[in-house]
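Student: sequence below, structure please.
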Amino acid sequence: MADPQRARKMADRIKEVVARRLDKGLRDPRLGFVTITDVRVTGDLQHASIFYTVYGSDEERADSAAALKAATGLLRTEVGKNITARLTPSLEFIADALPDTSAHLEDLLAQAQMRDLQVQQAAVGATYAGDADPYKHDDEDEDEDVDGTAPSGPDARV
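Tutor: Numbering: from 1, shown residues only. Okay, here's the model as predicted:
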């Protein structure tokens, strides 16, 4: 097993090399606006998972995924030329779900904010169902015995 710091450095280098190659452009017209978000390399440095996002519709995402799958060999060759490792890791492209997840979280936060506003508006003219302060305080003398002294001993409640 390789050093985790070496695997991290290799992942960063692979991310840079693949992003630079995609920036230069591939000859595949299906490839859309692809952004490399993360690269993870296994501990034995034999496999790299490349996470990417595509700006556009679902059809453009599917086309870009097909283009990246077709260009995997070319990109692996490019990575092999630019890293200092005996073996070039295999590449796997995975669509990153981060933008979808963040959009979903933003929707949930907007719903929560709207519900908070509704509750705040409903509470404007509301009154308490019981006492305004339902908690007992130390200055109240409800626990005193008949003779006026507080109970003591093991049976006394605190």
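
Student: center of this protein, which residue is that?
Tutor: Leu98 (6.4 Å; Cα atoms, centre = their mean).

Student: show me where this protein has its helices.
Tutor: Ranges of helices in the chain, per DSSP state H, are 4-24, 58-70, 72-82, 98-122.

Student: turn the ones you listed into TSV, including distance to His47 and mean pLDDT.
Tutor: No exception for glycine: its C-beta is placed from N, CA and C like everyone else's. Formatted as TSV, the helices of the chain follow (distance: least, Cβ to Cβ, whole Å; pLDDT from 0 to 100):
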stretch	distance to His47	mean pLDDT
helix 4-24	11	89
helix 58-70	16	88
helix 72-82	11	90
helix 98-122	21	88
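
Student: select, out of those, the one closest to Ala132.
Tutor: Closest of those to Ala132 is helix 98-122, at 18.2 Å (criterion: Cβ to Cβ).

Student: what does the closest one contact?
Tutor: For helix 98-122, contacts defined as Cβ atoms under 8 Å, 6 or more residues apart in numbering pick out Thr37, Phe51, Thr53.

Student: wait, the second one sits on Thr37?
Tutor: Yes. At 4.9 Å, Phe51 counts as touching Thr37 under the criterion of Cβ atoms under 8 Å.

Student: overlap in contacts of these two?
Tutor: Residues touching both Phe51 and Thr37 (Cβ under 8 Å, 6+ apart) are Asp96, Leu98.

Student: re earlier: can you add distance to Pro89 and give the helices of the chain back as a markdown table?
Tutor: A markdown table is the format used below for the helices of the chain (distance: least, Cβ to Cβ, whole Å):
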| stretch | distance to Pro89 |
| --- | --- |
| helix 4-24 | 7 |
| helix 58-70 | 16 |
| helix 72-82 | 7 |
| helix 98-122 | 23 |
